[in-house]
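Visitor: need a structure here:
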Amino acid sequence: MGKLKNKIFYILPLTIFFSAVSCDTNEPPTNSNILLKLEDVSCTEAWIEITTTNLTLPTTVTLKQTNPTGDTKSQILNLNTKDSLLYIDSLLPNKSYQYQVTSIQCQVSSNELSVTTMDTTRHNFTFETFTFGGTAGSSTLHDVAIISPENIWCVGEINIADTSINGYTTYNAVHWDGSQWELKRIKTNACGGVDYPPIQAIFAFSFNDVLFAHIDGSITHYNGMEFTNDCSLITQLNGSANKMWGRSKNDFYVVSGNGFIARYLNGTWSRIESGTTTDINDVWGITDKDGLEKIYCAVSFVFQSGDQKILTIKSNKVDSLSWNTGRRIHSIWTSSNSYLYTAGGGIFENKRGYWNEITQVPLYYSRNIRGEGINNVFVCGDFGLFAHFNGSTWKTYNELYIQGIYVSVAVKSNIVITVGLEGGKAIIVKGLRN
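Guide: Here you go, the predicted model:
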């Protein structure tokens, strides 16, 4: 059965209210109302907004839950504000529950809210491994983007021996067309003095709208037919963008070392002061129901001491979240205001206003975490760490262990790709869900 937890809180920061004051039963308020609204749902959890109108606060109410079997249970809640967010866990996947709140003292009941939990995704994948380079200098892949099953980009630096030039040829991308991988050379304007510099990061909006970030600091846009290179960020950026996130080619963010954050908006770059000189390893964002962007940045050094924090950007204002784990943070991901995942010196989730470590996955340094909803999340990292969260349980794929690193991961429906390096070779692992 599902379990109701007596926790009413606003997420980030967490505020829990306990009160025993209720309405005046002799003179109940007129036009009183209680409204329940589903804010979010996962496979095992629900976030429900409770809004009261014309109730004397604080007050106590009773929350009734009807389970899929028809059984009911009740929980006494204490409301101290007009709007509250209720977190309910221990639900069953792919099941329907009914909720209603009643204030006996105020003689009013809420609407009956139906909540259907998400189904879990399957852990079962068939994996293929592809390697490139390794005989003519070190090769590695830094990032990956899945546009469709027939259109996948992996980027980095791949050195292939070339006897015609008595040396090697450097490629900076590999493309999957649905049947094979093809090495690619994406040319720049030689902003940093090299025509085909390695590519550090990629972000794809569609098949004809892809951004590439080269290690010389330039950004290339691909429109499905041709590549257009922009050198204008180099004067601000010291090195390559570590990661990119955005809503379109006209509105996106890049983050890099030394606390660097920049936003490209309608043809103009603007730097955002981060307040740190520590590396910003990752950036991810969501667009809320009001159309406003909320950006998260993961801040820490990998091998030296420095800031360990999560920056947030909203309306170009930088703030930070509480991060009291004492661990390095390398990557961050979410698809909702209700939860947040991080990777680095451990994998953590924040669903209730505090950080909880995921202990079901081995404690190797994790480099990247990405998902396609809370029931399809992947993490990759050192020593071939690769794990999947299906909305209810975590599974680690020990068969993908390597003497190397998986640096980045991307997922789209039943396809997952992780890339990195092993023994001087660039490596791609392609997984198809069975």
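
Visitor: quick one, strands of the stretch 151-300 of the chain?
Guide: 151-162, 167-176, 181-184, 199-206, 209-214, 219-222, 227-230, 243-248, 251-255, 261-265, 268-271, 280-287, 293-299 (DSSP state E, counting those that start in this stretch).

Visitor: Work out the sheet partners of the second one and label each with its direction, please.
Guide: So the one you mean is strand 167-176. If you go by DSSP bridges, strand 167-176 pairs up with strand 151-162 (antiparallel), strand 181-184 (antiparallel).

Visitor: Under the pLDDT cut-off, which ranges of this structure? List them.
Guide: Scanning the chain for pLDDT under 70 picks out 1-30, 136, 163, 165-166, 238.

Visitor: center of it - which residue?
Guide: Centroid-nearest residue in the chain: residue 333, 1.5 Å away (criterion: CA atoms, centre = their mean).

Visitor: Report the beta-bridge partner residues of it.
Guide: residue 341.

Visitor: related to what we said a few turns ago, redo the strands paired with strand 167-176 as JSON lines? Include distance to residue 78 and mean neighbour count.
Guide: In short, each C-beta sits where N, CA and C put it, glycine included. Listed next are the strands paired with strand 167-176 as JSON lines, based on distance: least, CB to CB, whole Å; neighbours: other CB atoms under 10 Å:
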{"stretch": "strand 151-162", "distance to residue 78": "51", "mean neighbour count": "22"}
{"stretch": "strand 181-184", "distance to residue 78": "59", "mean neighbour count": "14"}
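
Visitor: So which of the ones you listed is nearest residue 75?
Guide: strand 151-162 (47.3 Å; CB to CB).

Visitor: From the chain's centroid, how far away is the closest one?
Guide: 26 Å (CA atoms, centre = their mean, to the nearest Å).

Visitor: thinking again about what came up before, format the strands of the stretch 151-300 of the chain as CSV; extra columns: distance to residue 357.
Guide: Shown next, in CSV, are these (distance: least, CB to CB, whole Å):
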stretch, distance to residue 357
strand 151-162, 30
strand 167-176, 35
strand 181-184, 36
strand 199-206, 27
strand 209-214, 31
strand 219-222, 36
strand 227-230, 40
strand 243-248, 23
strand 251-255, 24
strand 261-265, 27
strand 268-271, 34
strand 280-287, 18
strand 293-299, 16
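
Visitor: Out of those, which is closest to residue 100?
Guide: So among those, strand 280-287 is nearest, using CB to CB, at 30.2 Å.

Visitor: Partner strands of the closest one and their direction?
Guide: strand 293-299 (antiparallel).

Visitor: If you compare the directions of the next helix or strand after the strand it pairs with and strand 251-255, what angle comes out?
Guide: The helix or strand immediately downstream of strand 293-299 is strand 309-314, counting by DSSP states H and E. Going by axes from the mean of the first three to the mean of the last three CA atoms, to 10 degrees, strand 309-314 is angled at 160 degrees with respect to strand 251-255.

Visitor: Show me what strand 309-314 is packed against.
Guide: strand 293-299, strand 317-321, strand 329-333 (3 or more CB pairs under 8 Å, 6 or more residues apart in numbering; DSSP states H and E).
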